[in-house]
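>>> How does the following fold in three dimensions:
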Amino acid sequence: MMRRAMMYLRPGNLYKEFVIEDNKADIGKTGRATASFSGDGSRTLKGALAEATPKQKVEWQQLQHPISHTIIQDGRPKAKAEDKLILGERIFLIQGIDDPGSIGVCTIYYVEERMDVK
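Below is the predicted model:
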């Protein structure tokens, strides 16, 4: 007999499609580092968005990379750290990536939701 745990899914908890924009670091005219994002909307990833736990928030804050959410994606990473993910009007900056077990089954993106980035 096989026992399976039931998972409660409510509308909105399913996979969402995020648009990936690549980060391009450069040096500005004043000699300061600048970051710009580029993408035409063709690169996407499907992932489940969840709020980060208080423990995760503290751990990432100590690393000077605050996070607000996590995004779980099936398969190997499609985006890299410092890229921008767009979900409708919401914008997330990737602070870190984790590939549990390093076998490419799933990817965890640790992201910070930003209101000041366009």
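>>> drop to CA atoms for contacts and neighbour counts, all remaining ones
Fine.
>>> residue boundaries of the strands in this structure?
For the chain, the strands defined by DSSP state E occupy 16-27, 33-38, 44-51, 69-74, 84-87, 90-98, 106-114.
>>> Find the least confident helix or strand in this protein, judged by mean pLDDT.
Least confident helix or strand, the chain: strand 33-38 with a mean of 81, by mean pLDDT, DSSP states H and E.
>>> Low-confidence regions, this structure specifically.
1-13 (pLDDT under 70).
>>> before we move on, the earlier item: okay, the strands of the chain in a markdown table with mean neighbour count and distance to Val58 next?
Formatted as a markdown table, the strands of the chain follow (neighbours: other C-alpha atoms under 10 Å; distance: least, C-alpha to C-alpha, whole Å):
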| stretch | mean neighbour count | distance to Val58 |
| --- | --- | --- |
| strand 16-27 | 17 | 25 |
| strand 33-38 | 12 | 26 |
| strand 44-51 | 17 | 13 |
| strand 69-74 | 20 | 12 |
| strand 84-87 | 20 | 22 |
| strand 90-98 | 19 | 14 |
| strand 106-114 | 21 | 13 |
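>>> Please name whichever of those strands is nearest to Leu63.
Among the strands of the chain, the nearest to Leu63 by C-alpha to C-alpha is strand 90-98 (10.1 Å).
>>> the inter-axis angle of that closest one versus strand 106-114?
Interaxial angle of strand 90-98 relative to strand 106-114 (axes from the mean of the first three to the mean of the last three C-alpha atoms, to 10 degrees): 140 degrees.
>>> for strand 90-98, packing partners?
Packing partners of strand 90-98 (3 or more C-alpha pairs under 8 Å, 6 or more residues apart in numbering; DSSP states H and E): strand 84-87, strand 106-114.
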